[in-house]
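Enquirer: A structural model of the following input is requested.
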Amino acid sequence: MASPSSTGSGPQSTSVIVASSPGARLPTSLVALNAGPLGAEGLAVRLRLSQPPIIVRVAEGHVLLDPRTLLESDYPAIKAALQAAVEG
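Expert: All right, here's what the predicted structure looks like:
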């Protein structure tokens, strides 16, 4: 099975849960992944169940990854989780 491809990224915003500032948004850039035959929900579930869990969201048929929340040292684990999720 082919690996998911990045379909783009760009300026976005994400919700911030802060009692003193309800509805606040934080600027970020998202990486959108094309999940291929797994479908966005299928890939998202596999990533969320991976060890370590990769927290993603789904929008408009794409799996969205927010690199703002990642350390560079996390990249190998994320790559491995993506490969394992796609290979099943």
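
Enquirer: pLDDT below threshold where in this structure?
Expert: 1-23 (pLDDT under 70).

Enquirer: Can you list the strands that whichever strand or helix holds Leu26 pairs with?
Expert: Per DSSP states H and E, Leu26 falls inside strand 25-34. Sheet pairing of strand 25-34 (DSSP bridges) gives strand 5-15 (antiparallel), strand 62-65 (antiparallel).

Enquirer: What residues of it count as buried?
Expert: By neighbour count with 16 or more other C-beta atoms under 10 Å, strand 25-34 contains the buried residues Leu30, Val31, Ala32, Leu33, Asn34. For every residue, glycine as well, the C-beta is placed using N, CA and C.

Enquirer: Who does His62 form a beta bridge with?
Expert: On the basis of DSSP bridges, His62 is bridged to Ala59.

Enquirer: pretty sure it is touching Asn34, no?
Expert: Yes. Applying C-beta atoms under 8 Å as the test, His62 and Asn34 come out as touching, 6.5 Å apart.

Enquirer: which residues are contacting the helix or strand following the strand holding Leu26?
Expert: Proceeding N to C from strand 25-34, the next assigned helix or strand is helix 39-49, under DSSP H and E. Outside helix 39-49, the residues that touch it by C-beta atoms under 8 Å, 6 or more residues apart in numbering are 4, 33, 35-36, 38, 53-58, 61-63, 81-82, 84-86, 88.

Enquirer: how near is the residue lying closest to Ala32 once chain neighbours are set aside to Leu70?
Expert: The shortest distance from Ala32 to any non-neighbouring residue, by C-beta to C-beta, 6 or more residues apart in numbering, is to His62 (4.2 Å). For His62, the distance to Leu70 equals 18 Å [C-beta to C-beta, to the nearest Å].

Enquirer: Then Ala81?
Expert: From Ala81 across to Leu70, the span is 12 Å (C-beta to C-beta).

Enquirer: Name the residue in these two with the higher neighbour count.
Expert: A count of neighbours by other C-beta atoms under 10 Å puts Ala81 above the other of Ala81 and Leu70, at 20 against 14.

Enquirer: need the contact list for the residue nearest in space to the middle of the chain.
Expert: Nearest to the mean C-alpha position of the chain, counting by C-alpha atoms, centre = their mean, stands Leu65 at 2.4 Å. Contact partners of Leu65, counting by C-beta under 8 Å, 6+ apart, are Leu30, Val31, Leu33, Ile54, Val56, Ile78.
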